[in-house]
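Enquirer: build the 3D model from these lines:
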Amino acid sequence: MSILQKMTGHQYRTGPKFDKAIIAVGSCENHGYHLPFGTDTFVSSMLAERVAEQVEGLLVLPPVNVGMSQHYAHFPFSLTLSPETLIAVLKDILESTVRNGIEKIFIMNGHDGNIAPIEIAARAIKLAHPRAKIATLDAWWVTAGKLLPKDTFAVWNGLGHAGEGETSIGLALFPELIQMEHAKGVVPNLPENIEIKWNFAELTNTGATGDPSKATAGKGQKMVRVLVDEVVRFIREMDGRNWQYASPESALPQG
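Expert: Numbering: from 1, shown residues only. Prediction:
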């Protein structure tokens, strides 16, 4: 067993030793008319657990269920932490993990609004604990599109909040919570290369972007496979070099 919430103190003390931890950071917010509010937490935590099944010594921490969702607040029922609160929560969890003797931490993020708070919290912990090693999968929805063949998705390379990709991965992981008969979205007309800081209501009137009607469980299963494989590969590679990533040439001169 590698899920901390399900362990007893005896199991933790006498069971396999953990030198790494993985934490999912999600949200509770509107995901169109068809996906559950907890989609971001469900996806990130289920991916984290599947990774831990394949990586020795990887402890699954409790997920963060509410994220920074202020830009989705025009749609009910979106819960949100302020950026400052989420940064503080993440810092406290990371600090607690390091204090318990685990200095290698992987963050599996499930929501776009969490990316900046994760970055700030991780940098603060690195400053306080230089020996800590922190890695993140910031945007699985982008990474999956890069890892899969270009013809996998029908619209917008699968992108979109509650769009083709996110709905597909939901169909693969928790189909019993999805109502595909209500799936509809809007592909926004966004410029390339320059990022607009939008409120979500400026992009869609359905609570979803992209085209969730094109989603299938088969596409979602492909997404799960490549994402889990990629994270497992990364952690095993880092374990193989003791999480050292500085080139010899970058070492500071002694004396």
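
Enquirer: isn't Asn205 up against Gly185?
Expert: No. In this structure, Asn205 is not within contact of Gly185 by CB atoms under 8 Å, at 10.0 Å. Placement of C-beta: from N, CA and C, glycine included.

Enquirer: which one's more surrounded, those two?
Expert: Just comparing Asn205 and Gly185: by other CB atoms under 10 Å the higher neighbour count belongs to Gly185, 30 against 10.

Enquirer: burial measure for the nearest residue to the more buried one once chain neighbours are set aside, as a count.
Expert: Excluding the flanking residues, the one nearest Gly185 by CB to CB, 6 or more residues apart in numbering is Ala208, at 3.6 Å. Residues near Ala208, counting by other CB under 10 Å, number 30.

Enquirer: over to Gly32?
Expert: With other CB under 10 Å as criterion, Gly32 counts 26.

Enquirer: check the one 5 residues further on too.
Expert: Neighbourhood size, Phe37 [other CB under 10 Å]: 17.

Enquirer: same check on the one 4 residues further on?
Expert: Residues within reach of Thr41, counting by other CB under 10 Å, total 22.

Enquirer: surely Ile105 is in contact with Val25?
Expert: No. With contact defined as CB under 8 Å, Ile105 does not count as touching Val25 (11.6 Å).

Enquirer: these two: which has the busier surroundings?
Expert: Val25 (31 against 22).

Enquirer: can you name the residues that contact the more buried one?
Expert: When contacts are counted by CB atoms under 8 Å, 6 or more residues apart in numbering, Val25 touches 44, 63-64, 67, 90, 107-111, 114, 118.

Enquirer: can you get me a residue count around the closest residue to it other than its chain neighbours?
Expert: Closest residue to Val25 apart from its sequence neighbours, by CB to CB, 6+ apart: Val64 at 4.5 Å. Applying other CB under 10 Å, we find 26 residues neighbouring Val64.

Enquirer: ditto for the one 4 residues further on
Expert: Using other CB under 10 Å, Met68 has 25 neighbouring residues.

Enquirer: for it, phi and psi?
Expert: phi -90, psi 100 (degrees, to the nearest 10).

Enquirer: and the closest residue to it other than its chain neighbours, what's its pLDDT?
Expert: Distances taken as CB to CB, 6+ apart put Gly113 closest to Met68, at 4.0 Å, once the chain neighbours are dropped. Gly113 carries a pLDDT score of 98 in this model.

Enquirer: run through the helices of this structure in chain order.
Expert: Under the criterion DSSP state H, the chain contains helices at 9-14, 39-54, 83-99, 115-128, 140-147, 164-173, 217-240.

Enquirer: now Asn109, which residues is it bridged with?
Expert: Val25 (DSSP bridges).

Enquirer: how many other residues sit next to it?
Expert: 24.

Enquirer: likewise for Ala122?
Expert: For Ala122, the neighbour count with other CB under 10 Å is 20.

Enquirer: try Ser2
Expert: Ser2 has 21 neighbouring residues, counting by other CB under 10 Å.

Enquirer: ramachandran coordinates for it?
Expert: Taking degrees, to the nearest 10, you get phi -130, psi 10 for the backbone angles of Ser2.

Enquirer: can you tell me how far Leu61 is from Gln5?
Expert: 8 Å (CB to CB, to the nearest Å).

Enquirer: between those two, which has more neighbouring residues?
Expert: Leu61 (22 against 8).

Enquirer: so who does the more buried one touch?
Expert: Counted by CB under 8 Å, 6+ apart, Leu61 has contacts 4, 21-23, 93, 97.

Enquirer: contact partners for the nearest residue to it once chain neighbours are set aside?
Expert: Once flanking residues are discounted, Leu61 sits nearest to Ile23: 4.1 Å by CB to CB, 6+ apart. By CB under 8 Å, 6+ apart, Ile23 lies in contact with 48, 60-64, 93, 97, 105-108.

Enquirer: next: Pro63.
Expert: Applying CB under 8 Å, 6+ apart, the residues near Pro63 are 23-26, 41, 44-45, 48.
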